Each structure stands twice: as structure tokens, then as C-alpha cells.
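Undergrad: Sequence first, then the predicted structure:
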Amino acid sequence: MAAPPAAGPPIATLTIDARIDEISRATSWLAELAASEGWPEDVRFGLELSLEEALTNVISYGFPDRAVEPEIAVECYHLPRGRVELRLIDNGIAFDPTSIAEPGVPQSLEDAKIGGHGVQLMRHFLESLSYSRRQGKNELCLVAGSGAPAGEGA
């Protein structure tokens, strides 16, 4: 389960609609924030790629019947040691992307499947990736900054 932010209120928050074209608005917002905050390029890249992957999943699969009005927010926090945390919060169907096992290595090019590698990319570029479900909302926490990929001492 994700811990509360370690450094107080978010430094920035963005609310988006559940439309694929909103992903570019979110990644532009993040790039502008990274530039104004002076984040290292690897931190910006890892968070931007991971946010794009996570939002694609939420928007594409989180609201299959539109029984509820979609709510999607991204919050950004400063953490100790120059780390940055993004929290993606949505009221879509419950889904824990951290429970997805890494795909096996294909034996040949013909055995390789297209898609299903987003969480693996996120694990590679982030220090940690965690999920919780609270009060009917998904909360996915993406942390970057130390150079240690998720699963390697996060």
C-alpha cells in the first residue's frame, strides 16, 4: 500500500478528462513542471514515459461502461533526496498494475508479442511503483530520482 506523501501538499496538480488526446496535455504539463523545477533528464523521462503508459491504461480500460463520471487527477510531490513522486488518482474500475508479472523473454521473434510491456517499462525507469485502492479510487504512485529501478532497493 502506498504511503502518504513525505513532503506535504502536492507542488502541482492536473485534472484531465478521460480522453486519449488528454495524455499529451498531461505529458506537456509534466515537461513544463520538470523544466521549471530543474529535474534531471532521467527523472523527467522516466516519469513522463510512465505517466503516458499509466494514463493510456486508465483512459482505455478504466471506464468501460461510463456508469460513473470519470475523474482523473495527477499530483506531483517533492520527496527527500531530490526524488519526485507522481500520483495518478482515478475513479475507474479497480486495477493494480503492479500485480502484473513481467512477460517472459520470447524464444524467437515470431514468439514475441506486441503490447503488454508498459508496466515493465515503468519498473525499469522508476525507483518505485506502488498501488492502492482508497475510497473507491485507484492511486498509482510513481517515484523517480535515485537512479535505482523499482525492485532494486526502492
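TA: Everything's here; your move.

Undergrad: Any idea which helix or strand in the chain has the lowest mean pLDDT?
TA: helix 118-125 (a mean of 76; mean pLDDT, DSSP states H and E).

Undergrad: and the next element down the chain from that one?
TA: Where DSSP states H and E defines the elements, the next helix or strand beyond helix 118-125 is strand 128-134.

Undergrad: before we move on, back to that, the least confident helix or strand of the chain packs against which elements?
TA: For helix 118-125, the packing partners by 3 or more Cβ pairs under 8 Å, 6 or more residues apart in numbering; DSSP states H and E come out as helix 41-61, strand 128-134. (Glycine included, C-beta is placed from N, CA and C.)

Undergrad: Output those in TSV; the columns should cover distance to residue 98, mean pLDDT and mean neighbour count.
TA: Formatted as TSV, those follow (distance: least, Cβ to Cβ, whole Å; pLDDT from 0 to 100; neighbours: other Cβ atoms under 10 Å):
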stretch	distance to residue 98	mean pLDDT	mean neighbour count
helix 41-61	11	94	19
strand 128-134	5	94	17
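
Undergrad: Just the buried positions in stretch 65-78, please.
TA: Judged by neighbour count (16 or more other Cβ atoms under 10 Å), stretch 65-78 contains these buried residues: 70, 72, 73, 74, 75, 76, 77, 78.
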